[in-house]
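Q: the sequence and its predicted three-dimensional model are supplied below.
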Amino acid sequence: MSRATTVLVVSRLDDATADVVVEELNRRQVAVTRLDPGDFPTAVSVRARFDSGGLRGSVRTVTRDTDLGRVRSVYWRRPHPYTAPPGLSAREGRWCQEEARYGLGGVLAALRGAHYVNHPWRNRDAEYKPAQLAVAARCGFDVPPTLLTNDEATAREFIRAHGPVVYKPLRNTDYQDPEGRALTVWVEEVDPGDLDAGVTRTAHLFQKRVRSVTDLQVTAVGDRLFTVRIDGSPGLDWRRHYDALSYTLVDTPPELARHGRQYMDAFGLVFGAFDFAVDPEGRIWFYECNPNGQFAWFPEPITARIVSALADQLQHAGDLCAR
């Protein structure tokens, strides 16, 4: 039995997906430390030493003092950004924030023998939509015609050639209105007349709209795939209508499983949440793969199976990695 016994969960406290995984690990009596790097340095501290023997030390939260050498596996979810102590100037704050990112962040990414789901650098690499689309095509997935541009004329030409076309944000970045209320930028259909000089201000992603009859979300946990058919969306972006949808666990098409495995290997991922659309001819189109996707909103019988697979990864895979 390896002396590495602790599962480190790196996420914010209001992460419902991390909550259900922690609950399952607690039920299995697996030692868990939950840590949000955004709480550093006010509520988190680190003491890490390096020499010819490698890394040793500990990380301390308000409730735990965890030996870094005893971390079996790391569940890297959705931590807050690194912060700086209050009272500093903007220049000093930025410096402290970056030192925290490369200091504490570097330690948490260098735990010897730990099994990462996923390693934060693999998450980072796999979050870029242009990289996702390029790798998906190389792995054999069908990818809808897509344009990334900040050129207004090119965008208009693409929409005329491939319409109907939708606009998709490149990242789910926090966005607020002037009153501080959180806003979500949804997938929306666009017409050439909707475009103006605002296109030139940043990168925009336009994609030919798929005439979908159903959607699929495939959650990959190691070698296990959980494919859920999503039906009943009254609108273009089904994420806006969770309560109106039906969810059915179905067998994963063999070709989808094969391409998915190639995709996961290309990015070095253990976990990934794929989104696909199925058109009237039965052709399956790749939209994206979120390396850190949510799943706790599925009905409990589906969520429970994914949670069990994740807990197996975190509880047992560390033994294999430490040998």
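A: Now that the structure is in, tell me what you want to look at.
Q: got the domain ranges for this structure?
A: 6-118+312-322, 145-208 (automatic domain parsing).
Q: output those in JSON lines; the columns should cover mean pLDDT, distance to residue 136 and mean neighbour count.
A: All C-beta atoms are positioned from the backbone trio N, CA, C, and that covers glycine. Below are the domains of the chain laid out as JSON lines (pLDDT from 0 to 100; distance: least, CB to CB, whole Å; neighbours: other CB atoms under 10 Å):
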{"stretch": "domain 6-118+312-322", "mean pLDDT": "93", "distance to residue 136": "17", "mean neighbour count": "17"}
{"stretch": "domain 145-208", "mean pLDDT": "89", "distance to residue 136": "10", "mean neighbour count": "14"}
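Q: and the ones you listed as JSON lines, adding distance to residue 228?
A: Written out in JSON lines, the entries for these read as follows (distance: least, CB to CB, whole Å):
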{"stretch": "domain 6-118+312-322", "distance to residue 228": "15"}
{"stretch": "domain 145-208", "distance to residue 228": "19"}
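Q: who wins for proximity to residue 283 among these?
A: domain 145-208 (12.9 Å; CB to CB).
Q: next, the distance between the ends of the closest one.
A: Terminal residues of domain 145-208 are spaced 6 Å apart (CA to CA, to the nearest Å).
Q: measure how far that domain is from the centre of its chain, please.
A: For domain 145-208, the distance between its averaged C-alpha position and the chain's averaged C-alpha position is 22 Å (CA atoms, centre = their mean, to the nearest Å).
Q: kindly report the same for stretch 63-74.
A: Counting by CA atoms, centre = their mean, stretch 63-74 is centred 23 Å from the centre of its parent chain.
Q: again, but for stretch 96-105
A: Its chain's C-alpha centre and that of stretch 96-105 lie 21 Å apart, by CA atoms, centre = their mean.
Q: for stretch 86-101, same thing?
A: Here the centre of mass of C-alpha atoms in stretch 86-101, compared against the chain's by CA atoms, centre = their mean, lies 26 Å away.
Q: quick one: contacts for residue 104?
A: Counting by CB atoms under 8 Å, 6 or more residues apart in numbering, residue 104 touches 37, 40, 44, 46, 59, 82.
Q: separation between the second one and residue 50?
A: Counting by CB to CB, to the nearest Å, the separation of residue 40 from residue 50 is 19 Å.
Q: so which of the domains of the chain is nearest residue 248?
A: domain 6-118+312-322 (20.5 Å).
Q: so where's the stretch 201-323 of the chain uncertain?
A: Scanning the stretch 201-323 of the chain for pLDDT under 70 picks out the ranges 318-323.
Q: let's see it at 80
A: Applying pLDDT under 80 to the stretch 201-323 of the chain flags the ranges 234-237, 239-242, 317-323.
Q: all helices for it, in order.
A: Across the stretch 201-323 of the chain, reading from the start of the chain, the helices by DSSP state H, counting those that start in this stretch fall at 254-267, 300-322.
Q: quick one: closest of these to residue 245.
A: The closest approach between residue 245 and any of the helices of the stretch 201-323 of the chain, judged by CB to CB, belongs to helix 300-322 at 12.3 Å.
Q: wait, residue 34 sits on residue 15?
A: No - taking CB atoms under 8 Å as the contact criterion, residue 34 and residue 15 are not neighbours in contact, 9.4 Å apart.
Q: before we move on, the earlier item: let's see which of the contacts of residue 104 end up in strands.
A: With strands taken from DSSP state E, the overlap with the contacts of residue 104 comprises 46, 59.
Q: okay, the contacts of residue 104 in TSV with distance to residue 74 next?
A: Listed next are the contacts of residue 104 as TSV, based on distance: CB to CB, whole Å:
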residue	distance to residue 74
37	12
40	16
44	15
46	15
59	11
82	17
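Q: out of the contacts of residue 104, give me the two with the largest separation.
A: When CB to CB is used, the two most widely separated members of these are 59 and 82, lying 14.2 Å apart.
Q: still on that earlier bit, which one of the contacts of residue 104 sits closest to residue 214?
A: Nearest to residue 214 among the contacts of residue 104 is residue 37, at 38.6 Å by CB to CB.
Q: any idea how far residue 59 is from that closest one?
A: In this structure, residue 37 and residue 59 are separated by 10 Å, where distance is defined by CB to CB.
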